[in-house]
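Q: No sequence on hand, only this structure:
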Ligand SMILES: C[S@@+](CC[C@H](N)C(=O)[O-])C[C@H]1O[C@@H](n2cnc3c(N)ncnc32)[C@H](O)[C@@H]1O
């Protein structure tokens, strides 16, 4: 049985990247009009983001969750918007200025975050985990940057496979549809 996931990653990666050149135009519409409001109601049901918190939106795309998160955390809070696409981050910068938000910082990366240890309250990953090659290394870095009582929230079509990637690093503490909410597990040094 072929590994479909590996095939997509290795053979269709170029196509994937070309697709993102156009993606930035239609995706915000899909998020703002259709799927975004549904996911934000899942945030509210799971009490995901609170005032004053530090949130990392990993694979933020055009910022369709970065902007709501920045409003929720307020002026005392901070949102880091990380993506490997400079065009996406340009849109996040433009939209945050338009919305008058000064608590968003963009990070260009396709892997680790470079944020300090235990500095983030909530890591949000929406429809991005399946696209990352070095999933375990990225999840280990997210474990490092999360505060001891921090939350990792993953929304992904991989569904139950999310549990195998996070095993040993994060423990499931809530679930709403495709949204998995995790707390940090204590990891003993190797
Ligand atoms: C399907 S979009 C989701 C965007 C946003 N999270 C949302 O739900 O609206 C996936 C995003 O993840 C980014 N991405 C893919 N692989 C990445 C990686 N290894 N590191 C950082 N960002 C990545 C892509 O550039 C794209 O913007």
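A: Arrived safely, thanks for sending. Nothing here was measured: the structure is a model prediction, and the numbers come from that model.

Q: what residue ranges in the protein score low on pLDDT?
A: Scanning the chain for pLDDT under 70 picks out 1-13, 16-17, 188-190.

Q: Could you name the helices and strands sitting against the top strand by length along the chain?
A: Assignment by DSSP state E gives strand 146-155 as the longest strand of the chain. Counting contacts by 3 or more Cβ pairs under 8 Å, 6 or more residues apart in numbering; DSSP states H and E, strand 146-155 packs against helix 36-45, strand 120-126, helix 161-166, strand 179-184. For glycine as for every other residue, the C-beta is placed from the backbone atoms N, C-alpha and C.

Q: If we use 6 Å, what do you get?
A: strand 120-126, strand 179-184 (3 or more Cβ pairs under 6 Å, 6 or more residues apart in numbering; DSSP states H and E).

Q: Buried deepest among those strands, which one?
A: strand 120-126 (a mean of 24; mean count of other Cβ atoms under 10 Å).

Q: quick check: angle from that strand to strand 146-155?
A: 20 degrees (axes from the mean of the first three to the mean of the last three Cα atoms, to 10 degrees).

Q: Now do the same contact list for residue 63.
A: Residue 63 is in contact with 81, 92, 95, counting by Cβ atoms under 6 Å, 6 or more residues apart in numbering.
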